[in-house]
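*Asks:* Kindly generate the corresponding structure for this input.
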Amino acid sequence: MKVTQHIANANGKPLFSFEILPPLKGQNIQSIFDSIDPLMEFNPPFIDVTYHREEYEYKELPNGLLQKKIVKKRPGTVGICAGIQNKYNVDAIPHILCGGFTKEDTENLLIDLDFLGIDNVVALRGDALKTETYFRPEKEGNEYATELVTQISNLNNGIYLDEDLKNSASTNFCIGVAGYPEKHMEAPSLDSDIYFLKQKIKNGADYIITQMFFDNRKFFDFVDKCRAAGITVPIIPGLKPIATKKQLNLIPHRFSVELPDDLIMAVVKAKDNDHVKQIGIEWCIQQSKELVAAGIPVLHYYSMGKAGNIKSIASSIF
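*Replies:* Here you go, the predicted structure:
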């Protein structure tokens with residue numbers, strides 16, 4: 001079922017969803033099931049599965065020269081989605097990236113997903129490689145998420161890259177895209193970021209999931225700006241409980257989001273990371289309660305493969 005249908009069928013009741021990471025190469029899918037099992041009591045209608053593109057590593061050879069090696073540390077997104085739908089009978093939503101894919105690669109991936117009965121995808125540009133300052137698309141690949149959304153939407157209309165195909169079948173993907181309440185780190189302003197977000201909606205996106213935020217006012221202001229810009233699709237807030245002192249510096253640097261002073265000082269004064277984890281849970285519970293009271297249709301949690309703190313939060317909300 002499509003995410004938009006899940007929201008419509010809920011009749012105003014808030015839904016619980018979460019996102020997981022594929023396991024590191026060498027681990028098995030049971031580690032994923034172990035992180036999902038404790039959260040199934042909250043009846044998530046869908047679970048997002050991230051996609052991780054290739055990385056480049058350099059290995060020193062016996063002669064002293066460096067050999068460039070392509071490594072994919074977290075493969076398995078498509079297989080995990082199939083496993084989730086088979087085991088739990090809920091919708092699994094793979095992330096689709098521009099980075100690392102030609103348009104042909106993307107089309108073939110979408111065909112596989114369609115054959116597996118996957119009804120939803122999240123279309124993302126993806127990050128630059130660690131060895132790059134700025135994102136560089138693949139040759140013959142999509143450069144922006146707006147282009148990726150267009151390709152998926154075209155496939156939904158039976159338009160394939162090969163224009164000579166006759167009687168081609170249409171897919172029927174519900175397309176999610178990312179929104180940034182505090183703007184994308186590369187955007188010159190929030191207003192310009194929302195301008196391009198609206199382009200993604202015009203090109204065929206059906207709903208928005210936001211980057212994490214820790215101040216609900218940022219989310220509410222973002223929604224107001226989107227509505228004023230003519231964006232009417234559902235906007236789902238993305239939430240992540242802070243769990244370690246290290247994240248005080250890591251989260252603002254990595255995701256370009258602000259942490260409220262009250263949260264910062266509470267974490268600074270915490271005696272250890274166990275205390276920090278509890279602070280993060282309580283903060284996220286309060287965020288969640290306020291969002292539910294405001295009539296937000298879905299709360300989406302970034303679990304990072306760790307179910308314990310998400311379960312504590314969901315037990316207080318759902």
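*Asks:* which stretches of this structure form strands?
*Replies:* With DSSP state E as the criterion, the chain has strands at 15-20, 46-49, 55-60, 66-71, 91-97, 120-124, 174-179, 207-212, 235-239, 298-302.
*Asks:* Those strands: which one's closest to residue 284?
*Replies:* For residue 284, the closest of the strands of the chain is strand 235-239, at 5.7 Å, according to Cβ to Cβ. For every residue, glycine as well, the C-beta is placed using N, CA and C.
*Asks:* Strand 174-179 and the closest one, what's the angle between them?
*Replies:* Taking axes from the mean of the first three to the mean of the last three Cα atoms, to 10 degrees, one finds strand 235-239 and strand 174-179 inclined to each other by 60 degrees.
*Asks:* in terms of contact count, name the helices or strands touching strand 235-239.
*Replies:* Using 3 or more Cβ pairs under 8 Å, 6 or more residues apart in numbering; DSSP states H and E, the elements in contact with strand 235-239 are strand 207-212, helix 216-228, helix 273-293, strand 298-302.
*Asks:* Adding mean neighbour count and mean pLDDT, write these out as a markdown table.
*Replies:* Below are those laid out as a markdown table (neighbours: other Cβ atoms under 10 Å; pLDDT from 0 to 100):
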| stretch | mean neighbour count | mean pLDDT |
| --- | --- | --- |
| strand 207-212 | 22 | 98 |
| helix 216-228 | 17 | 98 |
| helix 273-293 | 18 | 97 |
| strand 298-302 | 23 | 98 |
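*Asks:* right, and these - which one's nearest residue 157?
*Replies:* Taking the helices and strands packed on strand 235-239 one by one with Cβ to Cβ, strand 207-212 is closest: 18.8 Å.
*Asks:* Below-threshold pLDDT in this protein: ranges please.
*Replies:* 54-57, 68-71 (pLDDT under 70).
*Asks:* Would you agree residue 43 is in contact with residue 17?
*Replies:* No. Counting by Cβ atoms under 8 Å, residue 17 is not a contact partner of residue 43; they are 10.1 Å apart.
*Asks:* since we're on residue 315, how many residues are nearby?
*Replies:* Using other Cβ atoms under 10 Å, residue 315 has 11 neighbouring residues.
*Asks:* check contacts around it.
*Replies:* Residue 315 makes no contacts at all, as judged by Cβ atoms under 8 Å, 6 or more residues apart in numbering.
*Asks:* Let me have the strands of the chain in TSV, adding distance to residue 229 as columns.
*Replies:* Shown next, in TSV, are these (distance: least, Cβ to Cβ, whole Å):
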stretch	distance to residue 229
strand 15-20	25
strand 46-49	25
strand 55-60	36
strand 66-71	40
strand 91-97	25
strand 120-124	19
strand 174-179	11
strand 207-212	12
strand 235-239	12
strand 298-302	21
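*Asks:* between the ones you listed, which gets nearest to residue 280?
*Replies:* Among the strands of the chain, strand 235-239 sits nearest to residue 280 (Cβ to Cβ), with 10.5 Å.
*Asks:* May I have the closest one as CSV, with CA atoms only?
*Replies:* The C-alpha coordinates for strand 235-239 follow below in CSV (Å, rounded to 0.1, in the frame of the first residue of the first chain):
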residue,chain,number,x,y,z
ILE,A,235,5.0,16.3,5.4
ILE,A,236,6.3,13.7,7.8
PRO,A,237,8.6,14.8,10.6
GLY,A,238,11.9,12.9,11.1
LEU,A,239,12.9,12.5,14.7
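*Asks:* Centre of the chain to it, how far?
*Replies:* Distance of strand 235-239 from the chain centroid (Cα atoms, centre = their mean, to the nearest Å) equals 10 Å.
*Asks:* what's near enough to touch the residue located most distally from the centre of the chain?
*Replies:* Distance from the C-alpha centroid of the chain, by Cα atoms, centre = their mean, peaks at residue 63 (42.8 Å). Shown in contact with residue 63 (Cβ under 8 Å, 6+ apart): no residues.
*Asks:* about what we covered before: so which of the strands of the chain gets nearest residue 38?
*Replies:* When the strands of the chain are compared by Cβ to Cβ, strand 15-20 sits nearest residue 38, at 10.9 Å.
*Asks:* Check which helices and strands the closest one is in contact with.
*Replies:* Here strand 15-20 touches helix 30-36, strand 46-49, strand 298-302, helix 307-317, going by 3+ Cβ pairs under 8 Å, 6+ apart.
*Asks:* Of all those, which one comes closest to residue 8?
*Replies:* Of all these, it is strand 298-302 that lies closest to residue 8, at 11.6 Å by Cβ to Cβ.
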